[in-house]
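Trainee: Give me the fold of what follows.
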Amino acid sequence: MLPPRRVPLGESTFVRRLLPSLGRRMVGAWCFVDHYGPDDIADQPGMQVPPHPHIGLQTVSWLHDGEVLHRDSLGSLQTVRPRELGLMTAGRAIAHSEESPREHARFLHGAQLWVALPDAHRSTDPAFEHHGDLPVVTGPGFSGTVILGEVDGAVSPGTVFSPLVGADVTLADGADVRLPVEPDFEYAVLTMSGVTEVDGVRAEPGSMVYLGCGRRELRLRADGTSGLVLLGGEPFEEKLVMWWNFVGRSGEEIRRAREDWTAGERFGVVHGYHGPPIPAPALPDVPLKPRGRVR
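Mentor: Now for the predicted structure:
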């Protein structure tokens with residue numbers, strides 16, 4: 001079980017950060033997992049995350065309730081709704097903002113996920129994709145939406161740069177399901193709603209269970225209707241430097257990215273967001289060193 005940490009996101013939202021976590025930094029190429037909500041934002045602004053930069057990663061915006069308006073320095077403007085994929089490839093540099101639209105649903109509930117780009121692709125061109133019609137797989141007691149990668153022959157249209165999978169799974173009340181999985185992948189299961197037993201481990205909303213490599217099936221048992229996000233991939237063997245919103249390979253690379261953001265260079269401008277961008281925090285006093293996927 002990976003313990004969550006409560007951290008602020010933007011001006012008015014708090015999230016449960018599950019990855020990186022004590023003892024584990026990554027699951028496959030998945031290097032960051034935030035779970036937020038369900039929050040009642042009927043009389044509130046909801047999510048308000050001003051423009052901020054990224055390098056060396058992909059962001060996945062995934063919702064169960066509500067909507068998020070995405071803007072970026074490529075000129076993208078897209079409202080992402082439940083079970084739609086908002087996939088941003090930062091590559092060498094991009095900036096974006098995320099906010100609840102002025103007219104928004106009462107509840108906001110979702111996950112923000114990052115995928116580390118492998119060294120061969122981490123300086124690729126930035127891009128944004130929106131896929132509103134993702135493939136769905138079904139079986140007795142469950143249905144699954146393929147966020148990224150492949151599940152039981154159904155392939156997401158989202159661009160990936162390493163062997164990985166992401167799937168949103170809904171279990172019926174009392175379901176006892178065995179999902180086929182890849183033995184070369186490691187996995188984690190994020191419980192979004194309801195209570196689920198993940199390979200014998202009880203998981204409540206906002207918790208995440210880590211599962212290593214070597215299995216061919218994953219057993220899920222639902223105590224009532226439940227919603228899950230399954231994340232997996234081949235173990236990511238490259239060492240990374242993760243700091244603030246950057247994923248790099250050296251402290252010097254991170255320092256340059258911070259300087260460029262502060263100077264208004266390289267990342268472009270996010271037009272249409274009413275407010276200033278997020279300033280970069282100060283670098284730590286100790287050197288930033290590359291680290292592996294396990295603490």
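Trainee: now Val195, nearest residue through space, not along the chain?
Mentor: Asp223 (4.2 Å; CB to CB, 6 or more residues apart in numbering). All C-beta spots, glycine's among them, are computed from the backbone N, C-alpha and C.
Trainee: Burial check on the one you found, number of neighbours?
Mentor: 15 (other CB atoms under 10 Å).
Trainee: My read is that it contacts Thr191, right?
Mentor: No: Asp223 lies out of contact with Thr191 (CB atoms under 8 Å); the separation is 10.8 Å.
Trainee: ok so, going back, what helix or strand is the residue nearest to Val195 located in?
Mentor: strand 217-233 (DSSP states H and E).
Trainee: And for Ile254?
Mentor: Judged by DSSP H and E, Ile254 forms part of helix 251-263.
Trainee: Pull the residues that contact that helix.
Mentor: By CB atoms under 8 Å, 6 or more residues apart in numbering, the residues outside helix 251-263 that reach it are 53, 55, 93, 95, 241, 243-244, 246, 248, 266-267, 279-280, 283, 287-289.
Trainee: Repeat the analysis, applying 6 Å as the threshold.
Mentor: Contact with helix 251-263 is made by 53, 55, 241, 243, 246, 248, 266-267, 280, 287-288, as judged by CB atoms under 6 Å, 6 or more residues apart in numbering.
Trainee: Pipe the residues you listed into JSON lines and attach neighbour count per row.
Mentor: Formatted as JSON lines, these follow (neighbours: other CB atoms under 10 Å):
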{"residue": "Pro53", "neighbour count": "25"}
{"residue": "Ile55", "neighbour count": "25"}
{"residue": "Val241", "neighbour count": "19"}
{"residue": "Trp243", "neighbour count": "19"}
{"residue": "Phe246", "neighbour count": "24"}
{"residue": "Gly248", "neighbour count": "21"}
{"residue": "Arg266", "neighbour count": "17"}
{"residue": "Phe267", "neighbour count": "25"}
{"residue": "Ala280", "neighbour count": "18"}
{"residue": "Pro287", "neighbour count": "10"}
{"residue": "Leu288", "neighbour count": "18"}
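Trainee: which of those sit farthest apart?
Mentor: Taking CB to CB as the measure, the contacts of helix 251-263 span a maximum distance of 24.0 Å, between Phe267 and Pro287.
Trainee: OK, contacts around Val7?
Mentor: 15, 17.
Trainee: For Arg17, see how far away it is.
Mentor: 5 Å (CB to CB, to the nearest Å).
Trainee: what's the answer for Val269, then?
Mentor: 28 Å.
Trainee: Comparing the two, which shows the higher neighbour count?
Mentor: Arg17 (19 against 13).
Trainee: The more buried one: what's its closest spatial neighbour, skipping adjacent residues?
Mentor: With CB to CB, 6+ apart as the criterion, Arg17 has its nearest non-adjacent residue at 4.6 Å, and that residue is Arg5.
Trainee: What of Leu230?
Mentor: Leu230's closest residue in space is Ala167 (CB to CB, 6+ apart), at 4.6 Å.
Trainee: Same question for Pro281.
Mentor: Trp244 (6.2 Å).
Trainee: And the pLDDT at the residue most central in space within the chain?
Mentor: In the chain, the residue lying closest to the centroid (CA atoms, centre = their mean) is Leu113, at 0.6 Å. Note on Leu113: pLDDT of 99.
Trainee: The residue nearest to Leu230: how many residues sit nearby?
Mentor: The burial count for Ala167: 25, using other CB under 10 Å.
Trainee: I figured it hits Glu150, correct?
Mentor: No: using CB atoms under 6 Å, Ala167 makes no contact with Glu150, being 9.4 Å away.
Trainee: now the residue nearest to Val195: how far from Asp173?
Mentor: Relative to Asp173, and taking CB to CB, Asp223 is found at 8 Å.
Trainee: mind listing what Val33 touches?
Mentor: For Val33, the contact set (CB under 6 Å, 6+ apart) comprises 18-19, 113.
Trainee: at 8 Å what do you get?
Mentor: 17-19, 111-114, 188, 190, 208, 231.
Trainee: Can you list phi and psi of Leu134 for me?
Mentor: Per-residue torsions, Leu134: phi -90, psi 150 (degrees, to the nearest 10).
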